[in-house]
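Visitor: predicted model, plus sequence, below.
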Number of protein chains: 2
Amino acid sequence: MSSSVLISEVGPRDGLQSIASVMPTAAKRRWLDALHAAGLREIEVGSFVPARLLPQMADVAEIVAHALTLPGLRVLALVPNVRGAEAAITAGAHKISLPISASEAHSLANVRKTPEAMVEELRAVAALRRERAPQMGVEVGLSTAFGCTLAGRVDEDAVLRLAVACAEAGADEVGLSDTAGMANPAQVRRLFTRLRAELGSRAGAAHLHNTRGLGLANCLAAFDVGVRTFDASLGGLGGCPYAPGASGNVVTEDLVFMFEAMGVDTGIDIHQLLAARTPLREGLPGEAVYGMLAEAGLPKGFQ
Amino acid sequence: MSSSVLISEVGPRDGLQSIASVMPTAAKRRWLDALHAAGLREIEVGSFVPARLLPQMADVAEIVAHALTLPGLRVLALVPNVRGAEAAITAGAHKISLPISASEAHSLANVRKTPEAMVEELRAVAALRRERAPQMGVEVGLSTAFGCTLAGRVDEDAVLRLAVACAEAGADEVGLSDTAGMANPAQVRRLFTRLRAELGSRAGAAHLHNTRGLGLANCLAAFDVGVRTFDASLGGLGGCPYAPGASGNVVTEDLVFMFEAMGVDTGIDIHQLLAARTPLREGLPGEAVYGMLAEAGLPKGFQ
């Protein structure tokens, strides 16, 4: 198995849309520049959703345009539906991501559609892609794949069936998301092993949260069974990891440190990655920014 | 491999001796009672060190006496030398633990002795045990086994040689401690695999820190290669895990949650374990108490 991983930074989308403050467009550009300079090669830069629903994302087309100027960067955007996919294609995103919830209760609460209806939406997005942007990637992240704050346990067979349905509906990759921070390492190994058995190379990223402190242990578990793409958020942006109901994204700096310390190549310069916290802080004054590595510093003798 | 683990609570020793405040004796008793009620079956209850050096431990003999009244509890105490071992034997501890540093720089700074001189101290302790308390256990924790804040990297061959020397000098078990929070999962797997190859059933506990956020990932890594005893500290007591130079013990509650969620039996009631935070807080007003599980709560549908 390869000893390199792709860290997909989701802070500019998942992080920024989870907080009330709006980062100014110029600050977003500076932050993206710093993330790119640190070596990140895939960034989810925003969501194509109506600005009245998410004012934090009102400048998404402009941000995609800026991100496209950064050499070697794969520019990813979230879209909830066909209309969002049309806008992402127009903006020129390299890849789009559709969130589909494995929990029906969560899906209905979140997008007022069943998971099955979302698979139909995906099918329409895939048709649009074939017609208008065949070079663009389409990925799905299966949210609440490890448990749901509304429904509790989520049936693993149902998660796998949904993943297969998404691949059949046209997704290039299907990943699993621990939206509610309920996953444990045994479950992560089990589900990703099954996902890879079903989808092969179309098994996608691990999007894991640190809500209950297990974020890095779960990433390690996913790595152990062959996952090589990991979502993470600089400074853990996307909700206070200590507050009930918080999203608690895995902290990019801590995840990169874990892999690099293990000898697994991330392609990221950890000093420059820590430096990318400065434009984040400057763009969101007063917002909490997390990270154990940033607090403790690199260990003596590291690399 | 067995799917149960022993969680060895070190907060009453490692935690309390790392902070400036002194927990009153009656509060220590209440806290021990709560830990025992939660199902903990091994607790390091204190250090036999001169009270002028560590006033937090002045009542250690009294605390050992109380702990001995708790049914089924293995009462562990730290001793730095033969004099401490004599006092622990007099008090009736079931088991003593000697810290021996793998880093010469750390050893000299900490106890003004080389690691080799500490092995001689251990030999004297083992002789005393044979003579006065053959039923008492003697374990060694090799501190700075994964790196040292003074020396940086610590040679792995030297760690293994020291472990073998400790076993030959009479230790029943030799564990490895990540004193400076510098370990990574690949290193944890490598070192514990080698330790078990050298010492077999005398390979001891994993004492891992969360200084850089990798505490639970490192525990998982140790579990994967067969380690079944884990030190942890309730509320992460033993220094703020966010402050440079902090000890950052793995949080007992979070570790127990990880194992129980994975289906690995700890014998601990997690609700009662969370309740044991109350006497800890009451005994140390104003002291920071950590833990991600305590903040986020158990996930819906857990157990």
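Guide: Sure thing, it's come through. Numbers count the residues shown, from 1 in each chain, chains lettered A, B, ... in the order given.
Visitor: give me the element the closest residue to A:Ala133 other than its chain neighbours is part of.
Guide: Among residues not flanking A:Ala133 along the chain, A:Ile89 sits closest, at 4.5 Å (C-beta to C-beta, 6 or more residues apart in numbering or on different chains). Using the backbone N, CA and C atoms, a C-beta is placed for each residue, glycine as well. Following DSSP states H and E, one finds A:Ile89 within helix A:82-91.
Visitor: also A:Leu98?
Guide: Counting by DSSP H and E, A:Leu98 is part of strand A:95-101.
Visitor: could you double-check that the residue nearest to A:Ala133 sits in contact with A:Glu131?
Guide: No. If you go by C-beta atoms under 8 Å, A:Ile89 and A:Glu131 don't touch, sitting 9.6 Å apart.
Visitor: so those two - more neighbours on which side?
Guide: When A:Ile89 and A:Glu131 are compared for neighbours, A:Ile89 comes out ahead with 20 against 9, by other C-beta atoms under 10 Å in any protein chain shown.
Visitor: for stretch A:105-118, what does the pLDDT average out to?
Guide: In this model, stretch A:105-118 carries a mean pLDDT of 92.
Visitor: what ranges does the stretch 151-300 of chain A have for its strands?
Guide: Ranges of strands within the stretch 151-300 of chain A are A:173-177, A:203-207, A:229-232, based on DSSP state E, counting those that start in this stretch.
Visitor: distance check, A:Ser143 against A:Asp178.
Guide: 9 Å (C-beta to C-beta, to the nearest Å).
Visitor: comparing these two, which residue is more hemmed in?
Guide: Legend: neighbour count by other C-beta under 10 Å for A:Ser143 and A:Asp178, higher for A:Asp178 (29 against 24).
Visitor: packing partners for the strand holding A:Leu98?
Guide: strand A:74-78, helix A:82-91, helix A:104-111, helix A:115-132, strand A:137-143 (3 or more C-beta pairs under 8 Å, 6 or more residues apart in numbering or on different chains; DSSP states H and E).
Visitor: measure A:His209 to chain B for me?
Guide: According to C-beta to the nearest C-beta, to the nearest Å, A:His209 stands 10 Å off from chain B.
Visitor: got it, and A:Leu208?
Guide: Using C-beta to the nearest C-beta, we find A:Leu208 at a distance of 11 Å from chain B.
Visitor: can you check A:Ala197 too?
Guide: Counting by C-beta to the nearest C-beta, the separation of A:Ala197 from chain B is 21 Å.
Visitor: which pLDDT value goes with that residue?
Guide: The model's pLDDT for A:Ala197 equals 98.
Visitor: and the closest residue to A:Leu70 other than its chain neighbours, how far from A:Pro71?
Guide: Nearest residue to A:Leu70 in three dimensions, chain neighbours excluded: A:His36, at 4.4 Å (C-beta to C-beta, 6+ apart). Distance of A:His36 to A:Pro71, computed by C-beta to C-beta: 8 Å.
Visitor: quick one: which of the two has more around it?
Guide: Set A:His36 next to A:Pro71 and count neighbours by other C-beta under 10 Å: A:His36 wins out with 20 against 6.
Visitor: re earlier: report the angle between the helix or strand hosting the residue nearest to A:Leu70 and strand A:74-78.
Guide: According to DSSP H and E, A:His36 maps onto helix A:25-37. Orientation check (axes from the mean of the first three to the mean of the last three C-alpha atoms, to 10 degrees): helix A:25-37 against strand A:74-78 gives 130 degrees.
Visitor: please name every helix or strand in contact with helix A:25-37.
Guide: In terms of contacts (3+ C-beta pairs under 8 Å, 6+ apart), helix A:25-37 is packed against strand A:42-47, helix A:60-67, helix A:270-275, helix A:277-283.
Visitor: measure the closest residue to A:Arg74 other than its chain neighbours to chain B for me?
Guide: Of all residues beyond its chain neighbours, the one nearest A:Arg74 is A:Glu42 (4.4 Å), with distances taken as C-beta to C-beta, 6+ apart. Plainly put, A:Glu42 is 22 Å away from chain B if you go by C-beta to the nearest C-beta.
Visitor: tally of neighbours for A:Glu42?
Guide: 19.
Visitor: thought A:Leu6 was touching it, still the case?
Guide: Yes. Here A:Glu42 reaches A:Leu6: they are 6.1 Å apart, a contact under C-beta under 8 Å.
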